[in-house]
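**Q** mind folding the following:
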Amino acid sequence: MKLHIANMTCGGCARGVTATIQDVDPNAKVDIDLDSKIVTVDSSASVDQLVAALNEDGFPPEVQ
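**A** Sure thing, here's the model as predicted:
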């Protein structure tokens with residue numbers, strides 16, 4: 001799945017987003033493109049689970 005996270009602006013944000021996703025699914029593969037603010041996730045967790053966790057941690061995503 002691809003997520004656009006508009007307020008992800010730095011490496012610290014990228015690490016926070018990765019940590020949030022891996023809290024939901026420790027085996028998730030996360031690829032982040034900071035320039036486009038796109039996060040590509042390969043996870044067994046549902047989109048709804050990941051969106052809820054990212055919203056809770058202050059990184060509201062838009063599903064692409």
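
**Q** what residue ranges in the protein score low on pLDDT?
**A** Nowhere does the chain drop to pLDDT under 70.

**Q** can you tell me the centre-most residue of it?
**A** Closest residue to the average C-alpha location of the chain: Val17 at 4.7 Å, with Cα atoms, centre = their mean.

**Q** what is whichever helix or strand that one is part of packed up against?
**A** Using DSSP states H and E, Val17 falls within helix 11-24. Judged by 3 or more Cβ pairs under 8 Å, 6 or more residues apart in numbering; DSSP states H and E, helix 11-24 is in contact with strand 29-33, strand 38-42, helix 47-56. Every C-beta, even on glycine, is put in place using the N, C-alpha and C of the backbone.

**Q** list the buried residues in the first one.
**A** Judged by neighbour count (16 or more other Cβ atoms under 10 Å), strand 29-33 contains these buried residues: Val30, Ile32.

**Q** got the contact list for that strand?
**A** Met8, Ala14, Val17, Thr18, Ile21, Gln22, Ile38, Val39, Thr40, Val41, Asp42, Ser43 (Cβ atoms under 8 Å, 6 or more residues apart in numbering).

**Q** try the longest one
**A** Residues external to helix 47-56 that are found in contact with it (Cβ under 8 Å, 6+ apart): 1, 3, 5, 17, 20-21, 23-25, 41, 43, 60-61, 63.

**Q** hmm, try it at 6 Å
**A** Helix 47-56 is contacted from outside by Met1, Thr20, Ile21, Val24, Pro61, Val63, using Cβ atoms under 6 Å, 6 or more residues apart in numbering.
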